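**Student:** I need the structure of the sequence given here:
(one chain, ligands or ions: 2)
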Amino acid sequence: MPHSADTAAKEELDYTTSCALPTPWAQFTLHAFVEHATGKEHLAMVLGDVGNGEPVLARVHSECLTGDVLFSQRCDCGAQLEGALKRIAAEGRGILLYLRQEGRGIGLINKIRAYRLQEGGADTVQANEQLGFKADARNYALVRPMFAKFGVTSLRLMTNNPRKIDAMAKLGITVAERVPLLVNRNAFNQHYLNTKAAKLGHMMTPLTPAPAEDGEL
Ligand SMILES: Nc1nc2c(ncn2[C@@H]2O[C@H](COP(=O)(O)OP(=O)(O)OP(=O)(O)O)[C@@H](O)[C@H]2O)c(=O)[nH]1
Ligand SMILES: [Zn+2]
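**Tutor:** Ligands and ions are numbered 1, 2, ... in the order given. So this is what the prediction gives:
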C-alpha cells in the first residue's frame, strides 16, 4: 500500500510553523519544515490557492548561499530565485520550495573546494568527481511530503533541468508543463552554464565562448 501524504510527512520531515513573508513582489506565506535525518530546515513560500487541483506554477530551488545571498555571478541561482518569485507574484498563485541541498548536495565547504578546483581548470562536473562526489548528489524525496502538505499534485515547473522533471515523476508528482528559467547569463558563468547543458543535460542553448580574459571560471 502506498503511504498517505501524512504518513510520508511523519517519516521524512516535520511541519513546524508559518508566517507572512512580504517580498518586493508579493506577500507570500513562509512555511518551515525540519528534516528528521539531518535536522535541516527546508522552506516553502506559498502564494494564493495552490490546493485547488489546477497545476501550480512551482520552483524547486536548491540552496546556493553564494548565489542566492552573496550575489555570486558564478552561477544563475540568485537570478533564478528572484525570477521564480517574480513570476509567481505576477500570476498571484504558486509555490517555491527552498531545499537545503547546498552545492548540489555536497555542502557549502565542498562547493567552495570545487570552485577552487574549477579555478585550476576543472569544470563543475570534473571538480565534483575529483572530490569523490557524483556530479549531482541531490535527493528530492522530501519534495513529495512538502507539496502534499499544500495539496499540490501537478506542477508547471520552472526549471531547465530534465533530471529534476524525472525526479518529480518518480515521486508521483505530475509535471504538466516545464516553464524555462533562463536568467543572468554572463561572462563569468557562461562556461558553467554551457557545461550544465553539455554534461548534465540542462535545456539551454550554448552561449558563444567569451575571450579568455573575460573572467572564465
Ligand atoms: N557542486 C557544485 N554545486 C554547484 C556549483 N554551482 C552551483 N552549484 C549548486 O547547484 C545547485 C543548483 O543546481 P543547478 O545545477 O544550477 O540548477 P538545477 O537546480 O539543477 O536546475 P534548474 O532548475 O534549471 O535551476 C545549488 O545547490 C548550487 O549551490 C558547482 O560548481 N559545484
Ligand atoms: Zn548557485
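**Student:** got the residues of this protein near ligand 2?
**Tutor:** Neighbours of ligand 2 within the chain, by CB under 5 Å from the ion: 64, 67, 75, 77. Quick note: C-beta positions are derived from backbone N, CA and C, even for glycine.
**Student:** farthest pair in those?
**Tutor:** Across those, the longest distance by CB to CB is 6.2 Å; it joins C64 and C75.
**Student:** quick one: the strands in the protein?
**Tutor:** Here the chain has its strands, by DSSP state E, at 13-22, 27-35, 41-47, 56-62, 94-99, 154-158, 174-179.
**Student:** what mean pLDDT does the first one get?
**Tutor:** Right, the one you point to is strand 13-22. The predicted model gives strand 13-22 an average pLDDT of 98.
**Student:** restrict it to CA atoms and write it as PDB.
**Tutor:** Taking C-alpha atoms only, strand 13-22 is exported to PDB below (Å, rounded to 0.1, in the frame of the first residue of the first chain):
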ATOM      1  CA  LEU A  13      10.100  15.600   7.900                       C
ATOM      2  CA  ASP A  14       8.000  17.600  10.400                       C
ATOM      3  CA  TYR A  15       6.000  20.600   9.500                       C
ATOM      4  CA  THR A  16       6.700  23.300  12.100                       C
ATOM      5  CA  THR A  17       5.100  26.700  11.600                       C
ATOM      6  CA  SER A  18       4.500  29.600   9.200                       C
ATOM      7  CA  CYS A  19       4.500  33.400   9.000                       C
ATOM      8  CA  ALA A  20       3.700  36.100   6.400                       C
ATOM      9  CA  LEU A  21       6.700  36.900   4.300                       C
ATOM     10  CA  PRO A  22       6.400  40.300   2.400                       C
END
